[in-house]
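J.: Provide a 3D model corresponding to the input given below.
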Amino acid sequence: MLTVRFDRLQLRPGERVLDVGAGFGRHVYECARRGARAVALDYAEAEVTETRATIGAMHDSGEIGDGDFIGVLRGDATRLPFPDESFDVVITSEVLEHITDDTAALAEMVRVLRPGGRFAASVPAEFPERINWRLSDAYHAPIAEGGHVRIYSSVELRAKLRAAGLSLTGHHRAHALHSPYWWLKCAVGVDNDDHRLVRAYRRLLEREIIERPRPLALVERVLAPVLGKSEVHYAVKGGPSG
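T.: The predicted structure follows:
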């Protein structure tokens with residue numbers, strides 16, 4: 001399930017991409033499939049290990065070629081281990097809300113991005129996120145174990161992106177059908193995966209992701225601007241900001 005729209009990034013084969021906070025690699029796999037030379041970076045050791053194994057399997061099966069990936073490594077978003085202007089594209093999806101010093105992380109991401117390079121960041125959208133926080137403390141805690149440390153407003157996020165040296169080029173909301181799912185999870189207990197309503201809704205989401213039936217795609221498209229769980233912003237390094 002992709003949050004970032006790759007047509008907005010205009011990703012080209014051979015470009016160098018850094019996915020900061022790559023998690024289990026959903027966006028970096030798409031980069032590799034498109035022929036980009038991608039690096040996945042995450043702080044969680046287990047996720048780095050699994051992403052590395054999946055990339056290896058994709059290579060062994062011929063899904064990606066020898067030059068379509070650079071590596072997977074564990075690292076800190078506030079101290080990126082790369083020289084200045086190393087990447088053509090930087091992606092960070094559902095990460096900034098976990099980082100206490102988000103301005104330092106953004107400064108590092110912009111530092112390693114070449115002038116004119118493209119940038120995409122997504123965070124939980126304010127309205128659905130406030131409902132989650134109101135319904136359940138367990139949803140966003142404990143902070144010490146990587147929980148959410150803030151709820152972004154669109155104004156705050158855009159201001160921080162501009163302050164980091166980025167020029168905004170557009171934005172959208174995504175995953176409208178996921179907002180009610182998480183409200184339900186927060187209401188019955190975020191770890192209560194066996195609740196019958198949670199199981200039923202999860203099956204609906206799995207069908208949306210795997211089969212992409214037209215009725216669900218239409219519902220998602222209509223509701224995303226209002227209920228989308230994720231807010232995605234696109235930018236370039238330098239130039240006038242929109």
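J.: going forward, measure contacts and count neighbours with C-alpha atoms only.
T.: Fine.
J.: Flag every buried residue along the longest strand seen in the chain.
T.: Determined from DSSP state E, the single longest strand within the chain is strand 113-124. Neighbour-count burial for strand 113-124, with 16 or more other C-alpha atoms under 10 Å as criterion, is recorded at Leu113, Arg114, Pro115, Gly117, Arg118, Phe119, Ala120, Ala121, Ser122, Val123, Pro124.
J.: Would you convert those into CSV that also reports pLDDT?
T.: CSV is the format used below for the buried residues of strand 113-124 (pLDDT from 0 to 100):
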residue, pLDDT
Leu113, 98
Arg114, 97
Pro115, 97
Gly117, 97
Arg118, 98
Phe119, 98
Ala120, 98
Ala121, 98
Ser122, 97
Val123, 98
Pro124, 97
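J.: residue farthest from the centroid of the chain?
T.: Centroid-distance maximum for the chain: Arg196 at 28.7 Å, with C-alpha atoms, centre = their mean.
J.: Would you map the strands across the chain?
T.: Secondary structure of the chain, counting by DSSP E: strands at 16-20, 37-42, 69-74, 87-93, 113-124, 166-174, 230-237.
J.: Any idea which of these gets closest to Arg221?
T.: Of all these, it is strand 166-174 that lies closest to Arg221, at 8.5 Å by C-alpha to C-alpha.
J.: and the residue positioned nearest the centre of the chain, what pLDDT?
T.: Relative to the mean C-alpha position of the chain, the nearest C-alpha, by C-alpha atoms, centre = their mean, is the one of Ser93, at 1.7 Å. The score at Ser93 is 96. That number is its pLDDT.
J.: Could I get the contacting residues of it?
T.: Shown here is Ser93, whose contacts under the criterion C-alpha atoms under 8 Å, 6 or more residues apart in numbering are Thr3, Val4, Val20, Gly21, Ala22, Ala120, Ala121, Ser122, Val123.
J.: can you list those residues in CSV and add distance to Phe82?
T.: Converted to CSV, these look like this (distance: C-alpha to C-alpha, whole Å):
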residue, distance to Phe82
Thr3, 25
Val4, 23
Val20, 12
Gly21, 15
Ala22, 16
Ala120, 19
Ala121, 19
Ser122, 22
Val123, 24
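J.: Listing request: residues of the protein with sub-threshold pLDDT.
T.: Scanning the chain for pLDDT under 70 picks out the ranges 68, 142-145, 239-242.
J.: Mind jotting down where the helices sit in it?
T.: Here the chain has its helices, by DSSP state H, at 6-9, 26-33, 45-60, 102-111, 126-135, 154-163, 178-188, 196-210, 214-227.
J.: Relative to Ala77, which of those is closest?
T.: Proximity to Ala77 (C-alpha to C-alpha) singles out helix 102-111 among these, at 5.3 Å.
J.: what's the angle between that closest one and strand 166-174?
T.: Relative orientation of helix 102-111 with respect to strand 166-174: 110 degrees, computed using axes from the mean of the first three to the mean of the last three C-alpha atoms, to 10 degrees.
J.: Kindly export helix 102-111 (C-alpha atoms) in PDB.
T.: Taking only C-alpha atoms (Å, rounded to 0.1, in the frame of the first residue of the first chain), the coordinates of helix 102-111 have been written out as PDB:
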ATOM      1  CA  ASP A 102      11.700  16.900  13.600                       C
ATOM      2  CA  THR A 103      13.400  20.100  12.500                       C
ATOM      3  CA  ALA A 104      16.800  18.400  12.800                       C
ATOM      4  CA  ALA A 105      15.600  15.400  10.800                       C
ATOM      5  CA  LEU A 106      14.200  17.700   8.000                       C
ATOM      6  CA  ALA A 107      17.400  19.600   7.900                       C
ATOM      7  CA  GLU A 108      19.400  16.400   7.400                       C
ATOM      8  CA  MET A 109      17.000  15.200   4.700                       C
ATOM      9  CA  VAL A 110      17.400  18.500   2.800                       C
ATOM     10  CA  ARG A 111      21.200  18.500   3.300                       C
END
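J.: Fine, thanks again, bye for now.
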